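J.: My questions are about this predicted structure, shown below with the sequence.
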Number of protein chains: 2
Amino acid sequence: MLTFESSELQGAKNIVEKLTSLPFTKVAHRIDTLDAQPASPNGDVLVMVTGALLVDEEQNQMRYSQVFHLIPDGSSYYVFNDIFRLNYGV
Amino acid sequence: MLTFESSELQGAKNIVEKLTSLPFTKVAHRIDTLDAQPASPNGDVLVMVTGALLVDEEQNQMRYSQVFHLIPDGSSYYVFNDIFRLNYGV
């Protein structure tokens, strides 16, 4: 499940549609902090990232936070939850 | 488990010690966004909050992000994971 700003999307098809429809062509992510914690006895991992985005030719960076809930799948993980928010100064 | 900025603390005793040792006496939280997703078939809930803090008499607010992983416990929930980060402009 993906929460992207105020959009809530469930299932791989809906999530891919959303991500490919975003109105920019280039985006650079800079990660400033990354914290992880074990989230269950099954090996789930909770990850929070904060950082900045630089979109297309825009010079002003936008700060963001993103959370991933990762579930073990063989020797890898899949993303079960993904919440993304820009951190506007209000 | 609590991640508070770069501190990692496990267990209720260590977490309470950390939270009571913070060097301010008053803090106001303002919540700007709150997103929640189901995180497991057992009813776990993943919550991300972004907002601002106003500490003591300081006039400049600090933006923050915080994630909670809540696990059902009878008619309530307990906090299994808690990750807190200030969002500095770098």
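T.: Happy to help now that I have it. Numbering: from 1, shown residues only, chains lettered A, B, ... in the order given.

J.: Would you tell me whether stretch A:71-78 gets close to chain B?
T.: No. Taking CB under 8 Å from any CB of the partner chain as the criterion, stretch A:71-78 and chain B are apart, separated by no less than 8.8 Å. The C-beta positions use only the backbone N, C-alpha and C, and glycine is treated the same way.

J.: That stretch spans what distance, first to last residue?
T.: 5 Å (CA to CA, to the nearest Å).

J.: Can you identify each of the helices in chain A by residue range?
T.: Here chain A has its helices, by DSSP state H, at A:12-20.

J.: Return the residues of it in contact with chain B.
T.: Contacts of chain A with chain B, taken as CB under 8 Å from any CB, map to A:1, A:3, A:8, A:32-33, A:35, A:37-40, A:46, A:48, A:50, A:52, A:63, A:65, A:67, A:69, A:80-81, A:83, A:85, A:87-90.

J.: List only buried entries from those.
T.: Neighbour counting with 16 or more other CB atoms under 10 Å in any protein chain shown marks A:1, A:3, A:33, A:35, A:37, A:39-40, A:46, A:48, A:50, A:52, A:63, A:65, A:67, A:69, A:80-81, A:83, A:85, A:87 as buried within the residues of chain A next to chain B.

J.: which residues of chain A score low on pLDDT?
T.: A:89-90 (pLDDT under 70).

J.: Report the closest residue of it relative to chain B.
T.: Nearest to chain B in chain A, going by CB to the nearest CB, is residue A:65, at a distance of 3.8 Å.

J.: Quick one: residues contacting that residue.
T.: A:48, A:49, A:50, A:84, A:85, A:87, B:48, B:50, B:65, B:85, B:87 (CB atoms under 8 Å, 6 or more residues apart in numbering or on different chains).
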